[in-house]
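Chemist: A predicted structure for the sequence below; I have some questions about it.
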Amino acid sequence: MSNIRYEVVEHDGGWAYKVGDVFSETFRSHDAALAAARDASARQELAGETEGIVYQDREGAWHEEVARGDDRPHAEVVDAD
């Protein structure tokens, strides 16, 4: 199982959380960004339905897979402030 890291950072004149190189929307306060990161992190770990998925990779090839609804990553929130 993989891990996902939500990091609370200053961004675009306010605060945001980011996962990898992707930023959330900008929040006015650190506390609002932290609460949003905790909410997103908790939802990331919720089990869902097992479903078939179709996606395109970076090279443009299409793939079909079955995504298990109970195969959820561990998510953590990192707050350096």
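Modeler: Alright, I've got the coordinates.
Chemist: can you tell me how far the residue nearest the centre of the chain sits from Val66?
Modeler: The centre of the chain sits closest to Val19, judged by C-alpha atoms, centre = their mean, with a distance of 5.6 Å. Computed as C-beta to C-beta, to the nearest Å, the Val19 to Val66 distance reads 24 Å. The way it works is simple: take the backbone N, C-alpha and C, and place the C-beta from them, glycine included.
Chemist: same question for Ile4.
Modeler: Taking C-beta to C-beta, one finds Ile4 at 21 Å from Val66.
Chemist: buried residues of the helix or strand bottoming out on mean pLDDT in the chain, list them for me.
Modeler: Lowest on mean pLDDT, DSSP states H and E among the helices and strands of the chain sits strand 74-79, with a mean of 85. Buried residues in strand 74-79, counting neighbours by 16 or more other C-beta atoms under 10 Å, are found at Ala75, Val77.
Chemist: same for it, what does it pack against?
Modeler: Counting contacts by 3 or more C-beta pairs under 8 Å, 6 or more residues apart in numbering; DSSP states H and E, strand 74-79 packs against strand 3-11, helix 30-44.
Chemist: of all those, which one is nearest Arg58?
Modeler: strand 3-11 (19.9 Å; C-beta to C-beta).
Chemist: what's the next secondary structure element after that closest one?
Modeler: Next along the chain after strand 3-11, taking DSSP states H and E as the criterion, comes strand 14-19.
Chemist: ok, residues contacting that following strand?
Modeler: Contact with strand 14-19 is made by 4-11, 23-30, 32-34, 36-37, 40, 77, as judged by C-beta atoms under 8 Å, 6 or more residues apart in numbering.
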